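Engineer: The following block contains a protein sequence and its predicted model.
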Amino acid sequence: MKIIIVGGVAGGASLATRLRRLSETDEIIIFEKTNYVSFANCGLPYYIGDVITDKRELTLQTPASFKNRFNIDCRVNHEVIKIYPEQKKIKVKNLKTNEEFLESYDKLVLSTGAKPIYPKFTAYLDKRIFTLRNVEDTFKIKEYIEANQVSSCLVVGGGFIGLEMVENLVNLDLNVTLAQGDNQVMLPLDREMATFLNDELTKHHINLLLNHMVNDIVSGGDKLLVSFKDKPSKSFDMVILAIGVIPDTSLAKDINIDLGIKGAIKVDSNFMTSIKDIYAVGDSIEINNYVSNNQTLISLAGPATKQARVLANILNNINDSYHGGNATSILKLFDLTIATTGLNEKELKRNNLEYSKIYLSPSNHASYYPNSEPLHIKVLFSKDYTILGAQIVGGNGTDKRIDLLSFAIKNKVKGYQLKDLDLAYSPCYSSSKDPINLIGMMLSNLKDNLLKQCFYDDLSNLDDSKAILLDVRTQKEYLTNPTKHSINIPLDELRESVSLLSKDKKIYIICHSGVRSYNAYRILSNLGYDCYNFSGGYIFYQAFSKLD
């Protein structure tokens, strides 16, 4: 069987090598239009910022290594420009020689990925405006900074690439501005979670411009003049566009393959397109989100490589299937780690799914062991306590917690069952009650009616005649960062001062992180008070207040 793969990065390269491991007789050809194959897409910003210093580390394989180790014919600088399904042939252009030729196939796999969104600004051909999608883009940015006296850079877009570029440009001592058209960075997060990123960016002297939509970029002599919608214009030495990506599916569109969201390729459960013997994997296809059960786009290397493995198995008559994904992702931003899995509140509302939520900020390991850091966690769950999504912004250990939550979502674990997980414990790595166990305990308390919660919106219009906001932090904490319209009774003094509280009023209880207020809740609830614990404590009270 002759299998041609269009695109040789995550999906295409993984598919080719898996195919070879399953069969020594198949003829496998990869056509990749750039000069590099199987490159480390996610590592590109770190080469620019001198975290990765050897450019050879960016390429995992070469055409020669593909041939020597896997007997795969990998041709870089070769662009597939036309597909002839009736003849089962493709037209290929050698970008070095401009030669065009036809190549036949038995099976054709499109792994063309996604391409950057590139608005047609007045100066869009200016050599000082860049996008970052491949190795060539990386070298252009790096070489331009090194060859020119660049002091200021505008990054447009606060997603994965934009935030990674901001960090790495700061590593080069550039004056960096980040412009985001929305009211928050990192859209997979909900807004209150994104405020932790705003603080981190400000701490590292990033000029953060939220609600700044770029209208145009004009060449202005030594500087690029950037105009924003309803905002003053600003000048920069260079601009990096990281607005987002869309599926690169022009080949599929040209032969009327069925397309879906944003022009992504529709595939069946075997990754076959609407045309027989033409398959597709990776960023160019739409897949099922197994939380919402709706089609979605997930432009990440992990899903692409998993899809490639399943397709290779199917093409070799091995019973396998791909069930979709839940968009588990992670990002480093200076001293923070940001991770998400499943759906956020915006997506749950958009899909008309009922949900509730909890917030907590436990330490990543035992607080008495040096250098513990908080993990700010938000968990979204259904009426039956099935986890629908989670977001974590914190320090070391964020990754393993989000992976456990992703596993729980995939396997429809009830959230309260997490309290029973037997997890590895040492004070260097965790606590005897791991943050994952704490999530389970909180949900178990909700399920067993041992806890009632309140949130920031519940406090916005409190009627003093009917409710009390009780802050149980120490007096020093309270005076340093007071909560509005509240009274302060420290937890350790609550039993002696309980007569100050009226049973005729609802009592909303807050502390720093939600732990002391929960203890106060249990005291007052056992004494017959109608009370509610503020989920997440003052940490999240402050996060929400920044959105007002």
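Structural biologist: Cool, got the structure.
Engineer: How much space separates the residue nearest in space to the middle of the chain from residue 253?
Structural biologist: By C-alpha atoms, centre = their mean, the mean C-alpha position of the chain lies nearest to residue 329, the distance being 4.2 Å. As judged by C-beta to C-beta, to the nearest Å, residue 329 and residue 253 stand 28 Å apart. Where you see a C-beta, it was placed from the backbone N, CA and C, and this is true even at glycine.
Engineer: got it, and residue 515?
Structural biologist: From residue 515 to residue 253 the distance is 55 Å (C-beta to C-beta).
Engineer: These two: which is more packed in?
Structural biologist: residue 515 (16 against 12; other C-beta atoms under 10 Å).
Engineer: Next one, pLDDT for that one please.
Structural biologist: Looking at residue 515, its pLDDT reads 96.
Engineer: picking up where we left off before, any idea how many residues pack against the residue nearest to the residue nearest to the centre of the chain when sequence neighbours are not counted?
Structural biologist: Once flanking residues are discounted, residue 329 sits nearest to residue 340: 5.5 Å by C-beta to C-beta, 6 or more residues apart in numbering. Residue 340 has 27 neighbours, counted by other C-beta under 10 Å.
Engineer: and after the strand or helix carrying residue 340, which helix or strand comes next?
Structural biologist: Secondary structure from DSSP states H and E places residue 340 in strand 336-342. Sequence-wise, the next helix or strand downstream of strand 336-342 (DSSP H and E) is helix 345-350.
Engineer: distance of residue 487 from residue 510?
Structural biologist: 11 Å.
Engineer: Run through the neighbouring helices and strands of the helix or strand containing residue 240.
Structural biologist: Residue 240 is located in strand 238-241, with elements delineated by DSSP H and E. Using 3 or more C-beta pairs under 8 Å, 6 or more residues apart in numbering; DSSP states H and E as the contact criterion, the elements in contact with strand 238-241 are strand 129-131, helix 135-147, strand 152-156, helix 160-171, strand 223-228.
Engineer: I'd like the average pLDDT over the shortest one.
Structural biologist: Averaging pLDDT along strand 129-131 yields 93.
Engineer: Which other helices and strands does that strand contact?
Structural biologist: Secondary-structure packing of strand 129-131 (3+ C-beta pairs under 8 Å, 6+ apart): helix 135-147, strand 238-241.
Engineer: which one of those has the lowest average pLDDT?
Structural biologist: When I compare the helices and strands packed on strand 129-131, helix 135-147 is least confident, with a mean of 92.
Engineer: Using PDB, list the CA coordinates for that one.
Structural biologist: Provided in PDB are the C-alpha atoms of helix 135-147 (Å, rounded to 0.1, in the frame of the first residue of the first chain):
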ATOM      1  CA  VAL A 135      11.000  27.000  12.400                       C
ATOM      2  CA  GLU A 136      11.600  29.600   9.600                       C
ATOM      3  CA  ASP A 137       9.400  32.100  11.400                       C
ATOM      4  CA  THR A 138      11.500  31.500  14.600                       C
ATOM      5  CA  PHE A 139      14.800  32.200  12.800                       C
ATOM      6  CA  LYS A 140      13.500  35.300  11.200                       C
ATOM      7  CA  ILE A 141      12.400  36.800  14.500                       C
ATOM      8  CA  LYS A 142      15.600  35.800  16.300                       C
ATOM      9  CA  GLU A 143      17.800  37.100  13.500                       C
ATOM     10  CA  TYR A 144      15.900  40.400  13.200                       C
ATOM     11  CA  ILE A 145      16.200  41.100  16.900                       C
ATOM     12  CA  GLU A 146      20.000  40.300  16.900                       C
ATOM     13  CA  ALA A 147      20.700  42.300  13.800                       C
END
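Engineer: tell me which residues in it are buried?
Structural biologist: 135, 137-139, 141-142, 145 (16 or more other C-beta atoms under 10 Å).
Engineer: Ok, stretch 378-393 next?
Structural biologist: For stretch 378-393, by 16+ other C-beta under 10 Å, it's 378-382, 385, 387-393.
Engineer: Likewise for stretch 61-71?
Structural biologist: 61-63, 66, 70.
Engineer: correct me, but the residue nearest to residue 329 touches residue 328?
Structural biologist: Yes. Using C-beta atoms under 8 Å, residue 340 is in contact with residue 328, at 7.2 Å.
Engineer: so what's in contact with these two at the same time?
Structural biologist: residue 402 (C-beta atoms under 8 Å, 6 or more residues apart in numbering).
Engineer: now residue 82, nearest residue through space, not along the chain?
Structural biologist: Excluding the flanking residues, the one nearest residue 82 by C-beta to C-beta, 6+ apart is residue 91, at 3.9 Å.
Engineer: looking at the sheet around the one you found, what are its partners?
Structural biologist: The partner list for residue 91 in beta bridges (DSSP bridges) reads residue 82, residue 102.
Engineer: got the contact list for it?
Structural biologist: So residue 91 contacts 80-84, 100-102 (C-beta under 8 Å, 6+ apart).
Engineer: Let me have these in JSON lines, extended by neighbour count and distance to residue 56.
Structural biologist: Output for those, formatted as JSON lines (neighbours: other C-beta atoms under 10 Å; distance: C-beta to C-beta, whole Å):
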{"residue": "80", "neighbour count": "21", "distance to residue 56": "27"}
{"residue": "81", "neighbour count": "14", "distance to residue 56": "30"}
{"residue": "82", "neighbour count": "14", "distance to residue 56": "34"}
{"residue": "83", "neighbour count": "23", "distance to residue 56": "34"}
{"residue": "84", "neighbour count": "12", "distance to residue 56": "38"}
{"residue": "100", "neighbour count": "12", "distance to residue 56": "32"}
{"residue": "101", "neighbour count": "10", "distance to residue 56": "31"}
{"residue": "102", "neighbour count": "11", "distance to residue 56": "34"}
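Engineer: And these, which is closest to residue 300?
Structural biologist: Distance to residue 300, by C-beta to C-beta, is smallest for residue 80 among those, at 23.7 Å.
Engineer: How many neighbouring residues does the closest residue to residue 84 other than its chain neighbours have?
Structural biologist: Once flanking residues are discounted, residue 84 sits nearest to residue 90: 7.0 Å by C-beta to C-beta, 6+ apart. By other C-beta under 10 Å, 22 other residues sit near residue 90.
Engineer: can you map out the helices along the stretch 351-500 of the chain?
Structural biologist: 398-410, 435-447, 456-459, 475-480, 494-497 (DSSP state H, counting those that start in this stretch).
Engineer: Going by mean pLDDT, which of these comes out lowest?
Structural biologist: The bottom spot among those, by mean pLDDT, belongs to helix 456-459, with a mean of 93.
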